[in-house]
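Colleague: The following block contains a protein sequence and its predicted model.
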Amino acid sequence: MRGRAGGGAEPLFRASQPPRLPGGPRRLCALPPPRAARGGGGVGWGGGRDWPDGGSGRGGRRAPARGMAGRRGALIVLEGVDRAGKSTQGRRLVEALRADGHCADLLRFPERTTEIGQLISSYLVKEKNLEDHAVHLLFSANRWEHVPSMREKLHQGITLVVDRYAFSGVAFTSAKENFCLDWCKQPDIGLPKPDLILFLQLSPEEAAERGNFGNERYENSSFQEKVLQSFYHLMNDKTLNWKTMDASKNIEDLHREIKTVAEETMQEVQNKPLGELWK
Ligand SMILES: Nc1ncnc2c1ncn2[C@@H]1O[C@H](COP(=O)(O)OP(=O)(O)OP(=O)(O)O)[C@@H](O)[C@H]1O
Ligand SMILES: Cc1cn([C@H]2C[C@H](O)[C@@H](COP(=O)(O)O)O2)c(=O)[nH]c1=O
């Protein structure tokens, strides 16, 4: 995801966007407008929040605290090297899930609109230099600051599609000199555990041929190759549900595969408790 330098990411789903009225299944979640939509500045928290009747939820009607059927949403993470297509697929997935009548929101990390996120952004665009350990902890803090709203939404029945998560945090920092995977994982222990991690596999060479590669701090192929190796180490962890997707496929074919796996996962986990990462 590009074009967020200087803070102020553009919303992926604008609050003004009219809710979709699916012809398919009725939505199972109903909730008040997100804080981000009320307070402004939020990104990806489903400004296009949809109520079952297509209403806004404002105007006196009280929303239930949980999904109507008591089911939780799935936490689905997209990972991969820079330019693998995570943002493209994340947007497509949320659009498709919503069109099918599911409640789904898109979130991305780093979430550059918060104070921590703006500091991270200025580091990534090379306006600011930060010590490597410190920036690693900032990336993690940026995730933790969103945990309360993530948990709330998941328990309200909203599926969250997350563009990068703790795995990027570990893969990028551990690709630097003198960082081990174990140290890098520590600050993210206990985050909500993803139900599915879609690894968009693409060689750094192919990724570098995609749009605007080379502008931000980590965008060079030799570093991205080290990042890829770190991802492979993380993928050996069989306590996590990694699925490798061939990101060299065209956008539509890849989208269809991702949607199928995502829907299976949503079905499987809806009555299961949300886990804690690396615990
Ligand atoms: N399957 C694909 N085939 C060819 N081009 C693609 C594909 N998916 C995405 N792209 C293009 O590659 C570029 C990067 O895509 P996108 O922003 O989705 O990747 P990303 O993984 O989110 O990148 P980053 O992590 O660097 O923000 C965009 O120009 C996008 O249109
Ligand atoms: C979450 C996270 C990300 N990074 C790196 C990975 C990318 O190079 C940038 C973010 O770019 P995007 O276009 O906004 O996806 O930051 C990282 O080093 N640590 C992290 O925790």
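Modeller: Arrived safely, thanks for sending. Ligands and ions are numbered 1, 2, ... in the order given.
Colleague: which element is Y123 on?
Modeller: For Y123, the host element (DSSP states H and E) is helix 115-124.
Colleague: Dump that helix to PDB, restricted to CA.
Modeller: This file holds the C-alpha atoms of helix 115-124, laid out as PDB (Å, rounded to 0.1, in the frame of the first residue of the first chain):
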ATOM      1  CA  GLU A 115       0.700   9.300  16.500                       C
ATOM      2  CA  ILE A 116       2.700   6.100  16.600                       C
ATOM      3  CA  GLY A 117       1.800   5.400  13.000                       C
ATOM      4  CA  GLN A 118       2.900   8.800  11.800                       C
ATOM      5  CA  LEU A 119       6.300   8.400  13.500                       C
ATOM      6  CA  ILE A 120       6.600   5.000  11.700                       C
ATOM      7  CA  SER A 121       5.600   6.600   8.400                       C
ATOM      8  CA  SER A 122       8.200   9.300   8.700                       C
ATOM      9  CA  TYR A 123      10.800   6.600   9.400                       C
ATOM     10  CA  LEU A 124       9.700   4.500   6.400                       C
END
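Colleague: quick one: is that helix near ligand 1?
Modeller: No: shown here: helix 115-124 not in contact with ligand 1 (C-beta under 6 Å from any ligand atom), separated by at least 10.2 Å. Using the backbone N, CA and C atoms, a C-beta is placed for each residue, glycine as well.
Colleague: any idea of the mean pLDDT for that helix?
Modeller: Mean per-residue pLDDT for helix 115-124: 98.
Colleague: ok, the following helix or strand past it near ligand 2 or not?
Modeller: Next in sequence after helix 115-124, counting helices and strands by DSSP H and E, comes helix 132-144. Yes: interface with ligand 2: helix 132-144 contributes F139 (C-beta under 6 Å from any ligand atom).
Colleague: Next, the angle from helix 132-144 to helix 115-124.
Modeller: 140 degrees (axes from the mean of the first three to the mean of the last three C-alpha atoms, to 10 degrees).
Colleague: Start at 266, not 1
Modeller: Shifting the count to begin at 266 puts that one at helix 397-409.
Colleague: in the following helix or strand past helix 397-409, what's buried?
Modeller: Going down the chain from helix 397-409, the next helix or strand is helix 412-420, by DSSP H and E. Going by neighbour count (16 or more other C-beta atoms under 10 Å), the buried part of helix 412-420 is S414, M415, K418, L419, H420.
Colleague: I am finished for the moment; much appreciated.
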